[in-house]
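Asker: pasting a predicted model and its sequence here:
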Amino acid sequence: MKQILAMLTTTDNPYDPFTNYAEWLAYDEGRGYYTNNYLARVAFTSNELSEVDQNLAIQDAIDEIIERNLLGLYIKTYQDESKTN
């Protein structure tokens, strides 16, 4: 089964978190979003979970954040698989 990779980002961040993570993170934290910290607070993860289950928990948390996205700040971005093959 092929896993769809998605990450949480903001609508105004011009950097791709898959290919330009350092720039993406600097932009995100420079504007005070701290998206990774927010995601970590929402995701239910554990060291006892398998890697697949950890990834599923993170994807579920991303979906939850998008659902509660009252200000429209957050979006889900997908890895461009054509660049990774």
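Answerer: Arrived safely, thanks for sending.

Asker: surely residue 77 touches residue 17?
Answerer: Yes - here residue 77 lies in contact with residue 17, judged by Cβ atoms under 8 Å, at a distance of 6.7 Å. Where C-beta positions appear, they are placed from N, C-alpha and C, glycine not excepted.

Asker: who has more neighbours, these two?
Answerer: residue 17 (20 against 17; other Cβ atoms under 10 Å).

Asker: looking at this, residue 8 is in a helix?
Answerer: No - going by DSSP: H, G, I helix; E, B strand; the rest coil, the assignment for residue 8 is strand, not a helix.

Asker: so for residue 77 and residue 17, which residues contact both of them?
Answerer: 7, 9 (Cβ atoms under 8 Å, 6 or more residues apart in numbering).

Asker: per-residue confidence at residue 2?
Answerer: Per-residue confidence for residue 2 comes out at a pLDDT of 47.

Asker: do the same with residue 5
Answerer: Value for residue 5, per-residue pLDDT: 81.

Asker: which parts of stretch 6-26 are buried?
Answerer: Neighbour counts over stretch 6-26 (16 or more other Cβ atoms under 10 Å) mark 6, 7, 8, 9, 10, 13, 15, 16, 17, 18, 24, 25 as buried.

Asker: nope, stretch 51-70 is what I was after
Answerer: Under the neighbour-count criterion of 16+ other Cβ under 10 Å, stretch 51-70 has 54, 57, 58, 59, 61, 62, 65 buried.

Asker: for the chain, what spans make up the helices?
Answerer: 21-30, 35-42, 51-67, 81-84 (DSSP state H).

Asker: please name the residues that touch the closest residue to residue 73 other than its chain neighbours.
Answerer: Closest residue to residue 73 apart from its sequence neighbours, by Cβ to Cβ, 6 or more residues apart in numbering: residue 10 at 5.3 Å. Contacts for residue 10 (Cβ under 8 Å, 6+ apart) come out as 28, 31, 33, 35, 73, 74, 75.

Asker: where does the prediction get shaky in the protein?
Answerer: Scanning the chain for pLDDT under 70 picks out 1-4, 81-85.
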